[in-house]
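Trainee: Got a predicted structure here, sequence first:
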Amino acid sequence: MSERIGIIWNPVKVGEEELRDAVDLVFGSAADVSWWETTEHDPGVVMAAEAVQSGCEVVIAVGGDGTVRTVAEAVAGTDAALGIVPCGTGNLLARNLAVPLADIPAALQRIRDGEERPLDLGWVCLGDDPDADEQAFTVMIGFGIDAQMLAETDDELKAKAGWLAYVQALGRAAAATELVDAEIALDDEDAESVRVHTMLIGNCGTIQGGIMLLPDAVPDDGRLDVLLVSAEGVAGWLDTARSLLWDNGLRRVLGGADGAVSTESARHASAERIRVTLHEPQAFEIDGEEAGEVSSFTVRVQPGAVRVR
């Protein structure tokens with residue numbers, strides 16, 4: 001591989017010696033590789049931009065979903081390709097693209113030998129200011145039980161137990177999540193008034209444990225998929241569980257459903273643009289990271305924004 005390679009790596013997620021040994025093993029010690037280390041104050045924004053500006057043809061994100069998202073945002077719309085070496089807790093984009101997990105050399109080999117494929121990016125603008133900066137996402141964003149679960153997760157337990165720490169937080173999140181009034185508009189349609197406690201918007205549909213939340217999501221179809229959950233009470237949660245685990249889970253795997261199945265408490269849709277106004281501020285997440293509370297946001301998709309190696 002004669003291309004110039006840029007590596008953006010998170011030292012909290014992987015040791016430098018281990019990573020350098022793997023890079024030498026896969027690409028050879030004579031490969032043209034430049035290194036940038038993320039910091040506590042910069043998850044890779046400046047580093048990824050420097051890698052692109054310096055002419056790196058492949059920019060490899062080594063870390064968790066935050067590092068991957070930051071690098072993807074930097075290479076979007078450029079001639080540089082994105083490589084992924086998952087070393088985080090969720091590794092959501094890697095899971096959806098079948099990138100090897102917990103195996104740095106195997107992930108690097110995929111980058112070295114694999115073909116490029118297009119990847120859409122979602123862009124979200126938080127708040128009502130049309131001139132506010134957009135933030136990219138590669139997998140999914142939203143509010144409700146997903147975002148609340150992140151807020152409830154114990155960081156120390158997460159460091160020790162990985163994604164299993166989210167399971168402990170799930171019960172507390174469900175108890176803390178309440179129905180909220182909202183206005184939601186998809187593309188050019190009129191806004192619809194709804195009562196929901198969870199809204200997920202995604203470019204990819206699978207999360208930890210192989211759970212498929214957005215069964216129709218395709219990373220390069222030029223659309224974003226939406227899940228609205230309004231479960232309330234035991235009957236509502238049973239209906240939602242049936243939708244997620246059977247109608248859009250096992251039954252789909254067995255060939256019994258062609259598209260996402262909506263129920264009274266779990267509705268599916270898709271769009272290129274989405275506008276949301278909430279009557280009460282809600283905790284928000286972007287690719288598995290907390291983003292504070294929001295009262296409104298707009299979302300759009302950028303088709304084929306990134307080339308993934």
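Mentor: Structure received. For clarity, every value in this text was computed on a predicted model and none was experimentally measured. Residues are numbered from 1 along each chain as shown.
Trainee: Could you give the average pLDDT over stretch 115-123?
Mentor: Mean per-residue pLDDT for stretch 115-123: 97.
Trainee: next one: stretch 5-20
Mentor: 97.
Trainee: same deal with stretch 220-227?
Mentor: Here the average pLDDT along stretch 220-227 is 96.
Trainee: So which bits of it are buried?
Mentor: Using 16 or more other CB atoms under 10 Å as the test for burial, stretch 220-227 gives 223-227. For the C-beta atoms, the positions are set from N, CA and C on the backbone; glycine is no exception.
Trainee: could you dump those to CSV with secondary structure?
Mentor: CSV is the format used below for the buried residues of stretch 220-227 (DSSP: H, G, I helix; E, B strand; the rest coil):
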residue, secondary structure
223, coil
224, strand
225, strand
226, strand
227, strand
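Trainee: Spatially, which two of those are the most separated?
Mentor: 223 and 227 (13.7 Å; CB to CB).
Trainee: quick one, helices of this structure?
Mentor: 16-27, 45-53, 65-75, 92-96, 104-113, 145-152, 155-161, 164-176, 233-242, 251-253 (DSSP state H).
Trainee: At the geometric centre of the protein, which residue do we find?
Mentor: residue 139 (2.7 Å; CA atoms, centre = their mean).
Trainee: Once you drop chain neighbours, what's closest to it?
Mentor: residue 92 (4.3 Å; CB to CB, 6 or more residues apart in numbering).
Trainee: Relative to residue 213, how far out is that neighbour?
Mentor: 11 Å (CB to CB, to the nearest Å).
Trainee: what is in contact with these two at once?
Mentor: Both residue 92 and residue 213 are contacted by 140, 206-207, under the criterion CB atoms under 8 Å, 6 or more residues apart in numbering.
Trainee: tell me the least confident of those residues?
Mentor: Per-residue pLDDT puts residue 207 lowest of the shared contacts of residue 92 and residue 213, at 78.
Trainee: Compute the number of surrounding residues for that residue.
Mentor: Neighbourhood size, residue 207 [other CB atoms under 10 Å]: 22.
Trainee: on that earlier part again, give me the subset of the shared contacts of residue 92 and residue 213 that lies in strands.
Mentor: residue 140 (DSSP state E).
Trainee: Dump the shared contacts of residue 92 and residue 213 into TSV; add distance to residue 303 as well.
Mentor: Output for those, formatted as TSV (distance: CB to CB, whole Å):
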residue	distance to residue 303
140	17
206	20
207	23
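Trainee: now the stretch 51-200 of the chain, which segments are flagged as low pLDDT?
Mentor: Counting by pLDDT under 70, the stretch 51-200 of the chain contains low-confidence ranges at 146-177.
Trainee: switch to 50 and redo it
Mentor: Within the stretch 51-200 of the chain, the ranges that satisfy pLDDT under 50 run 148-154, 157-158, 160-173.
Trainee: give the contact list for the nearest residue to residue 226 once chain neighbours are set aside.
Mentor: Distances taken as CB to CB, 6+ apart put residue 269 closest to residue 226, at 4.5 Å, once the chain neighbours are dropped. Applying CB under 8 Å, 6+ apart to residue 269 gives the contacts 186, 225-226, 228.
Trainee: This completes my enquiry, with thanks.
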